[in-house]
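Novice: output the structure for:
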Amino acid sequence: MQARLNIFQKSMLQWNDLHPYNAVHVVRIPGVLDVERLENVITTTLEGKGLTGLTLNRRLGTYEYHGGPPSVEIKITSADAALSPCFAREIGRQLNTPFTQDEHFSPFRFFIVSEVGSFSLGLVYFHPMADAECIMILLKEMVDTYSGRGSPGLDNPVDRHPPRRDHFLSLPPGVLARKLASLPSHIRAMRSACRPHYRDAGDSSNECAFFTLNPPTLSGMIQAAKSLKVTFNDLLLALLTKAVSLLTPDRMQARRRKGISLGCIVNIRKDLGMTGGQTFGLFLGSFVVHHEVPAGIKLADLARDIGCQTLRIKRSRLYLGAPLELAFGRLMTSLFSEQRRRKLYQKHYPLWGGLTNMNLNALWPQMDDARPVDYFRAVSTGPVTPLVVSLTTVGRVANIGLTYRSTVFEPPDVERIK
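Specialist: Numbers count the residues shown, from 1 in each chain. Below you'll find the predicted structure:
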């Protein structure tokens, strides 16, 4: 049974032609590692759900999982501990390593890190084929099965070939009209946005860094957002905007391009009426915020300004119109040489960073009487943005992965952002 690729998937495949477009989820599990058992759980789960033997037909815009025994790479890595520099380098290597797209290939590979009293399981996936929610649910089932609380892939089958939900004519009434009406102001914002400097436009390699917001810090940030009457996500966008502004003091002397633009990814499964996590695929929206960040502006005022932008976007559900922009980007990209494709977004859609925010507690509750897991993520930057912030709230902490283009940001820049 074949399924049609949606616009996000087609765009990511096009980005993957320039540099591997992968993502990584890592779950840290308490207890002693049983390698043989874990490997059996991984292969049995993938086969039981039929998530094997993937075939892509780029010409027809279709894909199909043929099923059968999985052929999955499972690496035992020598990294010493999660969140260590060695561990971050391993994740960076995974993001920079392409998946070989044979006739029947696996869009997954795994690595295992054994630590004292616990171990970490990393799932690297071909991002055009899946979003964070369905990957998290897949990992959760593997962990539950390994822990003896479930069965591998048999109790919870998934819809591997869902229909497309992103056609322009299928958008809710009014969303397409509001999206089209918002494009002139969006274009003006992009034309006034400061461009990141790429020392080598041909270098798309990713590097990673990780850190954790401890319970007092996370709780304080949530309370601060509430007191400002903005969301936690708005506050994160404001913090990232402020961080970038500190790295770009010269932009205020520019004649026109003084603003900072950031992107944000949105999980649109609820908008599409998907519940229960039984649909495997990619269902995302996106939006952009923009601010000039004048000298001396307080973080509270910046957060409120960004909150006003995101409130308008959410009320109008403009994030559902992202396929319209992606379709135009795909068309423009197809007209240029590879060298010009690498510079297209940098020149005409200059984003400094992107945010992807996932609350694991809403999808994988950590019970007080259970042995809690820990979880963090990293996503390839791609050609659209040189920095991706992947935040995962789990329990009472938030783990943050920073993926960055080394041709734009130096390690000291990343430390300042952290």
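
Novice: just the helices in the stretch 151-300 of the chain please.
Specialist: 175-191, 215-227, 232-247, 299-316 (DSSP state H, counting those that start in this stretch).

Novice: just put these in CSV and tack on mean pLDDT and mean neighbour count.
Specialist: Where C-beta positions appear, they are placed from N, C-alpha and C, glycine not excepted. Output for the helices of the stretch 151-300 of the chain, formatted as CSV (pLDDT from 0 to 100; neighbours: other Cβ atoms under 10 Å):
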stretch, mean pLDDT, mean neighbour count
helix 175-191, 91, 14
helix 215-227, 97, 13
helix 232-247, 97, 21
helix 299-316, 97, 17
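
Novice: including distance to Phe336, could those go into CSV?
Specialist: Listed next are those as CSV, based on distance: least, Cβ to Cβ, whole Å:
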stretch, distance to Phe336
helix 175-191, 18
helix 215-227, 41
helix 232-247, 27
helix 299-316, 30
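
Novice: for Arg340, find the nearest of those.
Specialist: Arg340 sits nearest to helix 175-191 of all these, at 17.9 Å, using Cβ to Cβ.

Novice: just want the angle from that closest one to helix 299-316.
Specialist: Here the directions of helix 175-191 and helix 299-316 differ by 150 degrees (axes from the mean of the first three to the mean of the last three Cα atoms, to 10 degrees).

Novice: quick one: list the elements packing against helix 175-191.
Specialist: strand 284-291, helix 299-316, helix 322-334 (3 or more Cβ pairs under 8 Å, 6 or more residues apart in numbering; DSSP states H and E).

Novice: quick one: the strands in the stretch 301-418 of the chain, in order.
Specialist: 353-359, 374-379, 387-394, 397-405 (DSSP state E, counting those that start in this stretch).

Novice: now do the last one: everything it contacts.
Specialist: Among residues not part of strand 397-405, those counted as contacts by Cβ atoms under 8 Å, 6 or more residues apart in numbering are 83, 91-92, 95, 198, 203-215, 218, 374-381, 386-392, 414, 417-418.

Novice: and that strand, which strands flank it?
Specialist: Using DSSP bridges, the strands paired with strand 397-405 are strand 206-213 (antiparallel), strand 387-394 (antiparallel).

Novice: show me the contact partners of the first one.
Specialist: Residues external to strand 206-213 that are found in contact with it (Cβ under 8 Å, 6+ apart): 19, 83, 87-89, 91-92, 95-96, 221, 376, 378, 380-381, 397-406, 411, 414-415, 418.

Novice: cool, stretch 294-302 as well?
Specialist: Taking Cβ under 8 Å, 6+ apart as the rule, stretch 294-302 contacts 228, 238-239, 241-242, 252, 291, 293.

Novice: tabulate those residues (TSV), appending distance to Thr55.
Specialist: TSV is the format used below for the contacts of stretch 294-302 (distance: Cβ to Cβ, whole Å):
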residue	distance to Thr55
Leu228	49
Ala238	44
Leu239	42
Thr241	42
Lys242	46
Met252	51
His291	44
Val293	47
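
Novice: lowest confidence element among the helices and strands of the chain?
Specialist: helix 338-348 (a mean of 82; mean pLDDT, DSSP states H and E).

Novice: packing partners for that one?
Specialist: Counting by 3+ Cβ pairs under 8 Å, 6+ apart, helix 338-348 packs on helix 322-334.

Novice: check which helices and strands the helix it packs on is in contact with.
Specialist: Using 3+ Cβ pairs under 8 Å, 6+ apart as the test, helix 322-334 ends up in contact with helix 7-16, helix 175-191, strand 284-291, helix 338-348.

Novice: now those as a markdown table including distance to Ala322?
Specialist: A markdown table is the format used below for those (distance: least, Cβ to Cβ, whole Å):
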| stretch | distance to Ala322 |
| --- | --- |
| helix 7-16 | 8 |
| helix 175-191 | 9 |
| strand 284-291 | 4 |
| helix 338-348 | 14 |
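
Novice: what comes up buried for stretch 277-286?
Specialist: Neighbour-count burial for stretch 277-286 flags 277, 279-286 (criterion: 16 or more other Cβ atoms under 10 Å).

Novice: out of those, who's nearest Tyr319?
Specialist: Set against Tyr319, the nearest of the buried residues of stretch 277-286 by Cβ to Cβ is Gly285 (3.6 Å).

Novice: returning to what we had before: what subset of the contacts of strand 397-405 is buried?
Specialist: Counted by 16+ other Cβ under 10 Å, the contacts of strand 397-405 give 83, 91-92, 95, 198, 204, 206-210, 213, 218, 374-381, 386-392, 414, 417 as buried.

Novice: so can I have a markdown table of the helices and strands packed on helix 175-191 showing distance to Ala181?
Specialist: Listed next are the helices and strands packed on helix 175-191 as a markdown table, based on distance: least, Cβ to Cβ, whole Å:
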| stretch | distance to Ala181 |
| --- | --- |
| strand 284-291 | 15 |
| helix 299-316 | 9 |
| helix 322-334 | 12 |
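
Novice: to Arg59, which of those lies closest?
Specialist: helix 322-334 (13.1 Å).
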